[in-house]
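Asker: please work out how this folds:
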Amino acid sequence: MELFQYPYMQRALVGALVIGLAAPALGIYLVQRRLALIGDGVGHMALTGVGAGLLLNRSPVLVAVIVASLGAITVELVRARGRTSGDLALALLFYGGIAGGVMLVGLSDSTSTSLNSYLFGSLSTISPTDLTTIVILGAAILVTMLALRPALFAICHDEEYARVSGLPVRALNLLLAVATAVTVTIAMRAVGVLLISALMVVPVAAAQQVTRGFRSTMTAAMALGLFAAGSGVYVAANADTAPGASVVLMAIASFAVVALGGVGWRTLRRRRVAAAVPSAVEPHEVVLSRS
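Answerer: Model (predicted):
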């Protein structure tokens with residue numbers, strides 16, 4: 001714990017915890033819409049924005065927010081118009097985004113080290129300005145996902161019914177697209193564009209193993225995301241491993257533990273029910289035999 005006395009480790013921990021809360025809060029809607037991999041596609045577009053920012057000598061994070069938002073909006077518009085499938089649109093983002101990012105970074109004067117910090121995250125290099133950006137945008141994403149939960153759940157569960165009910169479906173879909181882009185961008189420095197999708201999806205998948213309602217699943221996913229972020233930073237600090245990879249591995253480990261625990265609990269409950277059935281039947285059978 002001595003490492004957390006240093007300001008850079010404190011910033012790393014706070015930034016990871018904010019993202020650990022915000023990413024699953026958004027990810028549950030993406031999982032409901034079967035767009036679990038959109039984080040990867042938007043992340044690759046963000047990489048193009050990073051390359052453009054480095055090439056133009058501008059803020060890579062700011063340019064990445066703009067480029068990723070435009071990419072996410074494009075995917076949503078293509079999906080809504082039905083001119084091509086969502087999978088194909090995501091594939092175009094995947095390949096075009098990472099190819100454009102690698103090319104633009106190569107044209108700039110940046111080294112491969114700076115590219116790796118965006119690909120896989122670099123929590124220890126988060127500056128006070130980066131942390132302020134992460135906290136403000138992360139809090140905005142979290143508040144929006146919680147405040148608009150009924151409407152967002154409606155469009156994710158049944159878009160046609162939501163449209164008939166009078167909800168602004170197009171605006172809410174675009175809001176989700178932009179929120180995805182912003183979440184991916186603020187997580188670049190912490191988890192990396194290649195790993196942020198896991199932090200959006202894995203806690204939600206783990207929570208679904210033991211919960212039923214949407215609200216309880218969302219709460220459990222946020223708690224698991226918080227645990228994965230905090231424990232991942234702790235492991236990285238003590239084992240000298242990559243923070244982003246450590247956070248994702250802790251999320252996967254929590255999924256395995258929750259899934260196994262859920263299987264064990266369901267098995268135990270079935271055995272208890274099966275054991276209780278004969279005792280409930282015996283008196284009835286005795287009554288029948290006497291009659």
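
Asker: low pLDDT regions in the chain?
Answerer: 1-4, 79, 81-90, 109-115, 123-124, 277-291 (pLDDT under 70).

Asker: hey, where'd the strands end up in it?
Answerer: Along the chain, no segments are classed as strands by DSSP state E.

Asker: what's the longest helix in it?
Answerer: As assigned by DSSP state H, the longest helix anywhere in the chain is helix 243-290.

Asker: what about that helix, distance to the chain center?
Answerer: 29 Å (C-alpha atoms, centre = their mean, to the nearest Å).

Asker: what's it packed up against?
Answerer: helix 7-32, helix 196-207, helix 214-239 (3 or more C-beta pairs under 8 Å, 6 or more residues apart in numbering; DSSP states H and E). For every residue, glycine as well, the C-beta is placed using N, CA and C.

Asker: output those helices in CSV; the columns should cover distance to L142 and mean neighbour count.
Answerer: What follows is these, written out as CSV (distance: least, C-beta to C-beta, whole Å; neighbours: other C-beta atoms under 10 Å):
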stretch, distance to L142, mean neighbour count
helix 7-32, 5, 24
helix 196-207, 13, 27
helix 214-239, 8, 20
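
Asker: can you put those in CSV and add distance to S69?
Answerer: Formatted as CSV, those follow (distance: least, C-beta to C-beta, whole Å):
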stretch, distance to S69
helix 7-32, 14
helix 196-207, 15
helix 214-239, 23
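
Asker: of those helices, which is nearest V67?
Answerer: helix 196-207 (15.4 Å; C-beta to C-beta).

Asker: tell me the contacts of the closest residue in space to V202 that isn't next to it in sequence?
Answerer: Spatial nearest neighbour of V202, chain neighbours left out: A251 (4.3 Å); criterion: C-beta to C-beta, 6 or more residues apart in numbering. Contacts for A251 (C-beta atoms under 8 Å, 6 or more residues apart in numbering) come out as 198-199, 202-203, 206, 224-225, 228, 232.

Asker: now the two most distant members of those residues.
Answerer: The farthest-apart pair in the contacts of A251, when distances are taken by C-beta to C-beta, is A206 and G232, at 14.4 Å.
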